[in-house]
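**Student:** coords please:
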Amino acid sequence: MEINDLTPAEQRLWRAFATGAEVDLRESGEQTVRAVVLRALLLNGPQEPGEIAALKVRGAGVTGALELRYATVDSVIHLTHCRFENAPDFVGAHLRYLSLRDSAMPGLSVTRARIDGSLRLTRCRFGGPVRLDGAQISGALFLEGAEVAGQTAGQPVLQLNQVAVDDDLCARGLRAQGLIRLDGASVAGSLDLEGAELSNPGANVLEAEALELGANLLGRRLRAEGRIDLRGARVPGRVDLLDARLSNPGGTALRASSCVIGEFWLRRGAPVQGMLNLRRATINQLDVEPEMLPDQVRLLDLTYTFLTPHEPADRRLPMLERDGEGFDPHAYEQLTAAYRRIGDDQAARLVQLAKQRRRRSTLPWYGKVWGRLQDAAVGYGFRPLRAAVWLLSLLAVGSIAYAGHHPPALKAGEAPQFNPVFYTLDLLLPVISFGQEDAFAPTGWYQTLSYVLIVTGWILATTVVAGVTRTVSRQ
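**Tutor:** Prediction:
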């Protein structure tokens, strides 16, 4: 292309390119620049010894298609505050640095490109899909304040699957209408979605299966309408969802199953609208306020070390009872261990009691009957004072009854002196003998009372032994 073929605006760009000077066309009468001119500059632009060539343009209206597919560009590219007639195409390109900050375009393709520096798409407005799948970015990826729309037939509006970013992926304030795909992406730093607004009602809004982060997933004040899928993600830092609003009524709002997470924060926001799925996840610190939990949770094989903030057991137990997959003893053991770890043995006992009651609902009728007897008697061994109350009550009844009517001795000359208190204790305690039970034989109603005391004593003894055995085994 000859320099004489260029418009005045293009001539300014051509002259500035060799020294890397910036050209601001926002106040110029002519702002239109042809994409073929930009391509020619980047591939065969003029060079000056001792200068670093760069394309730096503000406020241009780019006509035609900027196509640099599989090209190698050694110059820095700054096309800021520009308006593109067609979606720029950088598929497979090798770039040094690319900034399209504050620009508007129908879409963008950077698939499988390699960028030695950062890619800045800050506050860009995209009318169609943005494809960055498979791109390798040695610096950071900036999408803060960007707007992406124009979903087509279920295709992602922002495709970032298999992208590799050697720094942070900053998308604060991102607004996206449609699906964002991050499957298999790798980010050496943090993924920052603070204040982002993502909308794809009734479908997946963020797919990030097997996402690998080097630090945190930041989602404070995130607004998400649709399903967030983090299955198999690894986040060594924290998943920060403070003040977030997650909504997918009738479906799953957040799926973090099989994830490995350092800290999971879900506090200070509105309750999650939709199911929360944490099955098979491994979390070091689970920081969840009970009020944030939805009506349905999935906790099968969830493993966590610490549970914060500290709440009474009766505020944590509904979390386990909302699991629609039935009785899961592992969930109760995890909650028990969390309370024991901070020294709250009373709360741990209440969780174990709730576990036995939930288990009772899965037993056949005879198991339920026996379970109710254990519960009423000593609370499955977790309320041992009940046994003392029962024993004292039955001891008082028996002592009063037999004090008013001494049972006849079996052998009058050999029987010890009758004592109604120790005789009742002989009936109640199956493993202790005071010599009273074998020496006297009540008749009539008093004989029936003796049978009741013997059976009740065995029930109390069995339930107490079962409770002590569970306690010892846990220790």
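
**Student:** so the residue of the chain positioned farthest from its centre, which state does it fall into?
**Tutor:** In terms of distance from the mean C-alpha position of the chain, Gly413 ranks first, at 78.0 Å (CA atoms, centre = their mean). Using DSSP: H, G, I helix; E, B strand; the rest coil, the three-state assignment for Gly413 comes out as coil.

**Student:** also Asp426?
**Tutor:** With three-state DSSP as the criterion, Asp426 reads helix.

**Student:** same check, this time on Leu254
**Tutor:** strand.

**Student:** surely it and Ile228 touch.
**Tutor:** Yes: in this structure, Leu254 is within contact of Ile228 by CB atoms under 8 Å, at 4.9 Å. C-beta here means a position set from N, CA and C on the backbone, and glycine is covered the same way.

**Student:** which neighbours do the two share?
**Tutor:** In terms of CB atoms under 8 Å, 6 or more residues apart in numbering, Leu254 and Ile228 are both contacted by the residues Leu246.

**Student:** could you pull out the strands in the stretch 351-475 of the chain for me?
**Tutor:** Ranges of strands in the stretch 351-475 of the chain, per DSSP state E, counting those that start in this stretch: none exist.

**Student:** can you give me the helices in it?
**Tutor:** Along the stretch 351-475 of the chain, the segments classed as helices by DSSP state H, counting those that start in this stretch run 365-378, 385-404, 420-428, 445-474.

**Student:** what does the chain give?
**Tutor:** Along the chain, counting by DSSP state H, helices occupy 8-17, 35-44, 313-321, 329-341, 345-360, 365-378, 385-404, 420-428, 445-474.

**Student:** the third one to helix 329-341, inter-axis angle?
**Tutor:** Read it as helix 313-321. Angle, helix 313-321 to helix 329-341, by axes from the mean of the first three to the mean of the last three CA atoms, to 10 degrees: 160 degrees.

**Student:** what is helix 313-321 packed up against?
**Tutor:** Judged by 3 or more CB pairs under 8 Å, 6 or more residues apart in numbering; DSSP states H and E, the packing partners of helix 313-321 are helix 329-341, helix 345-360.

**Student:** quick check: mean pLDDT of the shortest one?
**Tutor:** Averaged across helix 329-341, pLDDT comes to 87.

**Student:** which residues are in contact with it?
**Tutor:** By CB under 8 Å, 6+ apart, the residues outside helix 329-341 that reach it are 299-307, 313, 316-317, 320, 323, 345, 347-348, 351-352, 354-355, 358-359.

**Student:** grab the nearest non-local neighbour of Leu429.
**Tutor:** Nearest non-adjacent residue to Leu429, counting by CB to CB, 6 or more residues apart in numbering: Gly457, 6.1 Å away.

**Student:** surely that neighbour is in contact with Pro430?
**Tutor:** Yes: using CB under 8 Å, Gly457 is in contact with Pro430, at 5.6 Å.

**Student:** who has more neighbours out of the two?
**Tutor:** Under the criterion of other CB atoms under 10 Å, the comparison of Gly457 against Pro430 puts Gly457 first, with 22 against 13.

**Student:** got a pLDDT number for that one?
**Tutor:** pLDDT at Gly457 comes out at 79.

**Student:** same thing with Arg360?
**Tutor:** Per-residue pLDDT puts Arg360 at 75.

**Student:** burial measure for it, as a count.
**Tutor:** 18.

**Student:** might one say that it is in contact with Gly367?
**Tutor:** Yes: judged on CB under 8 Å, Arg360 makes contact with Gly367 at a distance of 7.1 Å.

**Student:** most packed of the helices of the chain?
**Tutor:** helix 420-428 (a mean of 22; mean count of other CB atoms under 10 Å).

**Student:** related to what we said a few turns ago, quick check: the residue farthest from the centre of the chain vs Pro442, distance?
**Tutor:** 19 Å (CB to CB, to the nearest Å).

**Student:** residues contacting Ala233?
**Tutor:** 208-213, 217, 256, 259-261.

**Student:** kindly recompute the last result at 6 Å.
**Tutor:** By CB atoms under 6 Å, 6 or more residues apart in numbering, the contact list for Ala233 reads 208, 211, 259.

**Student:** leaving out sequence neighbours, find the closest residue to it.
**Tutor:** Leaving aside its chain neighbours, Ala233 sits nearest to Leu211 (4.1 Å; criterion: CB to CB, 6+ apart).

**Student:** where does the chain dip in pLDDT?
**Tutor:** 1-4, 151-154, 324-325, 370, 373-387, 462-475 (pLDDT under 70).

**Student:** at 90 what do you get?
**Tutor:** Across the chain, the ranges flagged by pLDDT under 90 are 1-12, 25-31, 44-52, 149-155, 202, 268-270, 295-296, 299-301, 311-337, 339-475.

**Student:** how much space between the residue nearest the centre of it and Arg358?
**Tutor:** By CA atoms, centre = their mean, the chain has its centre lying nearest to Ala256, at 4.8 Å. Ala256 sits 24 Å away from Arg358 when distances are taken as CB to CB.

**Student:** equivalent analysis for Glu48, please.
**Tutor:** Counting by CB to CB, the gap from Glu48 to Arg358 is 79 Å.

**Student:** quick check: the residue nearest to Leu429 touching Leu428?
**Tutor:** Yes: Gly457 is within contact range of Leu428, at 4.0 Å (criterion: CB atoms under 6 Å).

**Student:** contact partners for Gly117?
**Tutor:** Applying CB under 6 Å, 6+ apart to Gly117 gives the contacts 96-97, 139.

**Student:** measure the closest residue to it other than its chain neighbours to Leu213 for me?
**Tutor:** Nearest residue to Gly117 in three dimensions, chain neighbours excluded: Tyr97, at 3.6 Å (CB to CB, 6+ apart). Taking CB to CB as the measure, Tyr97 falls 24 Å from Leu213.

**Student:** which residues does Gln136 contact?
**Tutor:** 114, 164.

**Student:** look up which residues are beta-bridged to it.
**Tutor:** Arg114, Ala164 (DSSP bridges).

**Student:** please tell me how far it sits from Ala224.
**Tutor:** For Gln136, the distance to Ala224 - CB to CB - is 28 Å.
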